[in-house]
Structure formats: C-alpha cells, structure tokens
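> structure for this input, please:
(2 chains)
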Protein chains: 2
Amino acid sequence: MLSTVYLYNMSLLCVGSVALDTIETPHGKAGSILGGSAVYFSYGASFMSPVRLVGVVGNDFSQEEELELLKSRRVDLRGLRTENGKTFRWTGRYVGDMGRAETLDVALGVFGDFQPVIPPYYQDSRYVFLANGSPKLQRKVLSQIRKPKLVVCDTMNYWIANEKKALLSLIERIDGLIVNNDEVMQLTGMYHTVSAAREILKWGPKMLIVKKGEHGALLITKNDFFAIPGYPIEVVRDPTGAGDSFAGGMMGYLAHSDDVSVKNLKKALLYGNVVASFTIEDFGLEGLKDTSRKQVQDRYKKLLSMITV
Amino acid sequence: MLSTVYLYNMSLLCVGSVALDTIETPHGKAGSILGGSAVYFSYGASFMSPVRLVGVVGNDFSQEEELELLKSRRVDLRGLRTENGKTFRWTGRYVGDMGRAETLDVALGVFGDFQPVIPPYYQDSRYVFLANGSPKLQRKVLSQIRKPKLVVCDTMNYWIANEKKALLSLIERIDGLIVNNDEVMQLTGMYHTVSAAREILKWGPKMLIVKKGEHGALLITKNDFFAIPGYPIEVVRDPTGAGDSFAGGMMGYLAHSDDVSVKNLKKALLYGNVVASFTIEDFGLEGLKDTSRKQVQDRYKKLLSMITV
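Coordinates of the predicted model:
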C-alpha cells in the first residue's frame, strides 16, 4: 500500500513529448487536447510520486491551465522549454476494437529538433523514464544522469526498423525495456514472446515489460515471469496514453517505494495497469483528472483480488 | 494440491465427439489422428479424475490402441457406441499466429445423427460436461442425468447463429458456460466482455468461463472476477484440443476435489490452463501422452507463482 509520506529524494525523471492531440474514437472526438508521452507519464506517476519533466513546446502553446494542473500534482516543469515554432501535433483515429491507433497526421514541430538538456538540478534523478523517441537522443539523456538507480525505456516499431543499431546500444545500458508483443517479435525476429524476451534479456536489461493492451502485461526477468490481466473496463472511450500512463503508474510506485525487488516490481505493474485503466475510460487526460488517489488504491486492491487464488 | 486418493463417486461425465483429425500447422502435419471434444476432454480430465465418456464412432474406426490408452487412464468407454457408417472426420489448418482453425473439410458421418443415450450406470453422474454440439441434444443429455451437481457446457458460433432459442433455453439450466470472446459478443450483441458476461449471468448460469487462447482465461461469477494468463509456452505446435482439454483439466480437478466454491473454481481454472498448455505443445494427443501427473503439478505451481504478488 502507498504510505502518505513522499520521499522527495527518490526523484523520478521523464523525458518525452508534450503534444496537442486530435483524437477520434467510436465514442467521440476531441481536438487539440494536451497529450504526449511525457504528459501521460507524469500524470500517471503523480498519484504516487513527484515527477521531473523534460520536454519542449512551441510558442503557439497556450494550454497554460493544463500545465498548472500538472504543477498542482507535483510535476516539476522547470525542464519544459518553449522554443520558436509549433508544438508537436498528432491526429489519430481508433476504430473497431481500438486495438491500434491509426495516425492521420503528425506535425513534429519543435519536437522534431528536440535536443533534451537535463538541467543540473535534475541530474541527480534516481528513477528515469525515457519515453518513446530516437534511441540516440535517449542515450544522450541517459549520459547526463549521474547515478540512476532504475532506467526504463520505451520504444516503437519505427526505431526498431530504422535505428536498430543505436537502439541495441541503448538497450545494453538500461534496466528495463517496455514493449508490446509486435515490438518483441520485430526486435528479435522470434515468434514466441517468452523465447524472444529471454533473447532480449541477454542483451543487457534486467527486465522486460510486455504491454498487451486489454490482455494486461507481462514482467519477464531472468528468473521470474509475472503476468497480470488488464483491469476489466466496461467502456473504453480512448486508448490514447494508456502505455505512457501505465509506465507512469509503474515508475511512480517504484520511485515512491524506492524498492526495485521483483516482488515490488510486480506491485508496480499492478499500479501501472490500474492507472492505465482510468486513462482509457475517458478522452485524453479526462479519465485521470477525475480520479483520486483513493480510487487508484481501491482498484489496486480489486485487481489484486482478481488474480489471487 | 491433488491428493492421491480418488473419489470415484464424484463421477464426471462427458458427452461429445470422437473424431479422426487431419491437421496442418506451421510446425507439421498429421493425418487421421484420434481427436474430438470428448477425447481431448477425457484425456485432460484423466490427470485428476476418472471420466465417463459418451460418444459415437463408425464401423470404420480402427484406432483401438488409442482407446486402450484412454481406458488405461480410467476413462470409462462403455458409453462409446459403434454405429454403421463413418467416424466423424475433421480436416483443418492453422496459419500465422494459429489463433483460429481454418476448417478445410468436415464429414460428420455417424456423429451427424448422434442421439446420445446415457447408460443407466452413468445417470448418477455428479459432474457433467456437455461438449460443443446442438443445444437440443445437449438438453436431451441433461434431462437424462438424475441429480447433477455441476453442469458445464461448451458451444460455438454456429449454434449461436442458428439455434439461439434452444441454446438460451439450455443456458437457463446449466451452472457454467465456456465461451471465447467472440462468442460472448455474438451471444449478447455487447462489445465489452465484462458487461456481456454480466448479461449472460442474468440468464441463469452461475459462472461464465471466457477462453482467451494465449491470453489465458477469465472466470466471471455474479460477485467475482478472476483472470489467469496463458501458461507461457515456447513453441505452440498444434492448438487443436486446447479448449476441450482446458475444460477437462478444470472439470477433472473439480470432480476430484468435489468442491465448487469460487476459491476452488479458481484453482480448477489454473489446472485447466496447465493441461491445455501441454496439449498445444505437440500434435493431437501427443503432448498429453508425454505428460505425467507430476509435470501437471509442477506447472500448476509455476503458474501460481506467476500470478502471485
């Protein structure tokens, strides 16, 4: 269970995108709403831990109120820079079972030239999440952190296809990799998740987290295999941000508890799953905004009971 | 854990098909091998409990050795009739991720006119599995059982589409329904498994078991929701019989322990999942034939540890 005392020294850093999303799902539409990997991650982590965010927006960015909301949740935005140009915009659509987003338009804007600089007062961060991005940049970020305790990294099919060498070089240096089933196969050329995961663990990381959407997630280490089902949601309205808020819930819990034992990693996976379940119940950040820390706790207990024999 | 004393009075009956299967998967081919729902179920259940089998074969059936094997595993075959005509033959293929069988040919033979008669010495069966078949026949079987303690029924898309009324009338009278995700949706017209499951539970059954292939299974009752992941298998060679041997492992454990509490149902689901994991590791019944009771126990413990926080 979460204690109510926060350990501010167990600092959690996230480097990723801050975006304006336009989303269509079978349940509705939303235009130019605050999104991006760093935003979803930070919001998800903020239930358990303060977060340090590094990202960039353009000078067209006017969602100041939304940023205030993040600040009020102990998300430190001193690492968010404003640069001349446009904020990253993503337009996407989900159809049918909403298993995959269909990207209709991407305008990278200032995020396209993003060269993350970690401010000196963030360089002592102990828990680090490198959101999906160029593996070269992810590695540059990592080299600026003095003595991280746990580095977890996300990636996607584009980088596996186009920057595999840089990605493998990054993977050697991290503790945990978050991927989905397709990415596991693409990375290894192996068909079965378990064999493929074992292969990836040989490359360096201590753990692999496989996201399976509604089917939950796997935690695979050299000696452990842990699986949780997705938290059963009656109506999924918008899957955007599910993966990043999952990572946020997980890393937030780890930073909060400052314990990276396998037993605690399992708990962290449950928290990640719970936070993601709130994300997908409404559009954009609305699901998370409407959620209290107590609701996260309650759903955690419920999920735990669902897998307890 | 399984004790080594069998309770022969907690009799388990299965009514279903005995077939000759011709199967092709990315891992190989096998022609005219023993299969069918009643066979896979019985074999799967036989790790834990004796089984009474009711089925039919044609007078072309010559797989006597295979039947001896079932007998040696305490499968009572007095309910297996031989009739003039051909044995049910199924020819199928699995491609890609082997998620669904592609039926290339079906010749129902004597199974097409199967009118199951439950011998008097089977009519006291306490645990009953009605394998996939016409709901009218399933109901006829049920009416011949004097005082069943737990009746679990399988079905498929064909019956939902073509005999829904008869199926609903059967569902009112059973304790548990085993379905996959697609069938849950087809039955209810509802998209989300959880809401759909709640709807089905209103129709009569105490529990719904949702099979999700490699993603495991769900047990949903009025007050409980239990989810298990699929047992992680390195190489799936042939998914044929996974569902029926899952049901066998589950019902075998329930009949053996004679305890239908939710806590025990959860354990039974784990046993079902474990038995199915052995089935799919090789063609036809080969995976089960190579498996010992101790291996089932060991994998059960392993699966339990995989979901334990």
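
> okay, how far is it across stretch A:252-267, tip to tip?
11 Å (CA to CA, to the nearest Å).

> and it, how far out from the chain middle?
Centroid displacement of stretch A:252-267 relative to its chain, using CA atoms, centre = their mean, to the nearest Å, is 16 Å.

> go on, stretch A:246-254?
Averaging C-alpha positions (CA atoms, centre = their mean) puts stretch A:246-254 8 Å from its chain's average.

> then stretch A:113-128?
With CA atoms, centre = their mean as the basis, the mean position of stretch A:113-128 lies at 16 Å from the chain mean.

> ok, and what's touching that stretch?
Contacts to stretch A:113-128, defined as CB atoms under 8 Å, 6 or more residues apart in numbering or on different chains, come from residues A:9-15, A:49, A:52, A:54-56, A:78-79, A:133, A:137, A:140-142, A:144-152, A:251, A:254-255, A:258. (Glycine included, C-beta is placed from N, CA and C.)

> make a PyMOL selection of the buried ones in these.
Applying 16 or more other CB atoms under 10 Å in any protein chain shown to those leaves a buried subset, and the PyMOL line that selects it is:
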select buried, chain A and resi 10+11+12+13+14+15+49+52+54+55+56+79+133+137+140+141+142+144+145+148+150+151+152+251+254+255
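
> restricted to helices, list the contacts of stretch A:113-128.
A:137, A:140-142, A:251, A:254-255 (DSSP state H).

> what's the distance between the nearest residue to A:Thr291 once chain neighbours are set aside and A:Val236?
Once flanking residues are discounted, A:Thr291 sits nearest to A:Phe278: 4.4 Å by CB to CB, 6 or more residues apart in numbering or on different chains. A:Phe278 is 11 Å from A:Val236, where distance means CB to CB, to the nearest Å.

> find the residues that touch each one of the two.
With CB under 8 Å, 6+ apart, A:Phe278 and A:Val236 have no common neighbours.

> could you check how far the residue nearest to A:Glu24 when sequence neighbours are not counted is from chain B?
Spatial nearest neighbour of A:Glu24, chain neighbours left out: A:Arg93 (4.5 Å); criterion: CB to CB, 6+ apart. Computed as CB to the nearest CB, to the nearest Å, the A:Arg93 to chain B distance reads 18 Å.

> who are the packing partners of the top helix by length along chain A?
Ordering each helix of chain A by length in residues (DSSP H) puts helix A:262-279 first. Judged by 3 or more CB pairs under 8 Å, 6 or more residues apart in numbering or on different chains; DSSP states H and E, the packing partners of helix A:262-279 are helix A:37-45, strand A:217-221, strand A:225-228, helix A:242-257, helix A:286-289, helix A:293-306.

> out of these, deepest packed?
helix A:37-45 (a mean of 31; mean count of other CB atoms under 10 Å in any protein chain shown).

> what parts of the stretch 201-309 of chain A come near chain B?
When proximity is defined as CB under 8 Å from any CB of the partner chain, the stretch 201-309 of chain A approaches chain B at A:212, A:215-216, A:218, A:225-229, A:232-236, A:263, A:266-267, A:270, A:304, A:306-309.

> make TSV out of the helices and strands packed on helix A:262-279 and add mean pLDDT.
Formatted as TSV, the helices and strands packed on helix A:262-279 follow (pLDDT from 0 to 100):
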stretch	mean pLDDT
helix A:37-45	98
strand A:217-221	95
strand A:225-228	92
helix A:242-257	97
helix A:286-289	96
helix A:293-306	96
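
> closest one to B:Gln63 among these?
With CB to CB, the closest approach to B:Gln63 among the helices and strands packed on helix A:262-279 belongs to strand A:225-228: 37.4 Å.

> excluding covalently adjacent residues, which one is nearest to A:Val274?
The nearest residue in space to A:Val274 (CB to CB, 6+ apart) is A:Arg299, at 4.6 Å.

> the one you found: what's it in contact with?
Counting by CB under 8 Å, 6+ apart, A:Arg299 has contacts A:231, A:274, A:277-278.

> closest to B:Gly44 among those?
A:Tyr231 (30.0 Å).

> how about the stretch 1-150 of chain A: which residue is closest to chain B?
The nearest approach of the stretch 1-150 of chain A to chain B comes at A:Asp97, 8.1 Å away (CB to the nearest CB).

> residues near that residue, how many?
13 (other CB atoms under 10 Å in any protein chain shown).

> can you tell me which helix or strand it belongs to?
According to DSSP states H and E, A:Asp97 maps onto no helix or strand at all.

> so the residue nearest to A:Glu24 is in contact with A:Leu104, correct?
Yes. Counting by CB atoms under 8 Å, a contact exists between A:Arg93 and A:Leu104, whose distance comes to 5.8 Å.

> okay, these two: which has more neighbours?
Neighbour count, other CB under 10 Å: between A:Arg93 and A:Leu104, A:Arg93 has more, with 15 against 12.

> low pLDDT regions in the stretch 1-150 of chain A?
Applying pLDDT under 70 to the stretch 1-150 of chain A flags the ranges A:1-9.

> one step back: switch the helices and strands packed on helix A:262-279 over to CSV, and while doing so, append distance to B:Gly287 to every line.
Output for these, formatted as CSV (distance: least, CB to CB, whole Å):
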stretch, distance to B:Gly287
helix A:37-45, 41
strand A:217-221, 23
strand A:225-228, 20
helix A:242-257, 34
helix A:286-289, 43
helix A:293-306, 29
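
> what sits closest to the residue minimising distance to the centre of chain A if chain neighbours are left out?
What sits nearest the mean C-alpha location of chain A, by CA atoms, centre = their mean, is A:Asp244, with 2.5 Å. The spatially closest residue to A:Asp244, leaving aside those adjacent along the chain, is A:Tyr40, at 3.7 Å (CB to CB, 6+ apart).

> in the helix or strand harbouring A:Val194, what counts as buried?
Taking DSSP H and E as the definition, A:Val194 sits inside helix A:193-202. By neighbour count on 16+ other CB under 10 Å, the buried set for helix A:193-202 is A:193-194, A:196-198, A:200-201.

> between those, which is nearest chain B?
Among the buried residues of helix A:193-202, and counting by CB to the nearest CB, the member closest to chain B is A:Val194, at 4.4 Å.

> from B:Leu137, how far off is the closest residue to that closest one other than its chain neighbours?
In space, and not counting its chain neighbours, A:Val194 is closest to B:Pro232: 4.4 Å by CB to CB, 6+ apart. As judged by CB to CB, B:Pro232 and B:Leu137 stand 37 Å apart.

> quick one: contacts for the nearest residue to A:Val184 once chain neighbours are set aside?
Counting by CB to CB, 6+ apart, A:Val184 lies nearest to A:Ala196, which is 4.7 Å off, once chain neighbours are set aside. Residues near A:Ala196 by CB under 8 Å, 6+ apart: A:184-185, A:187-188, A:190.
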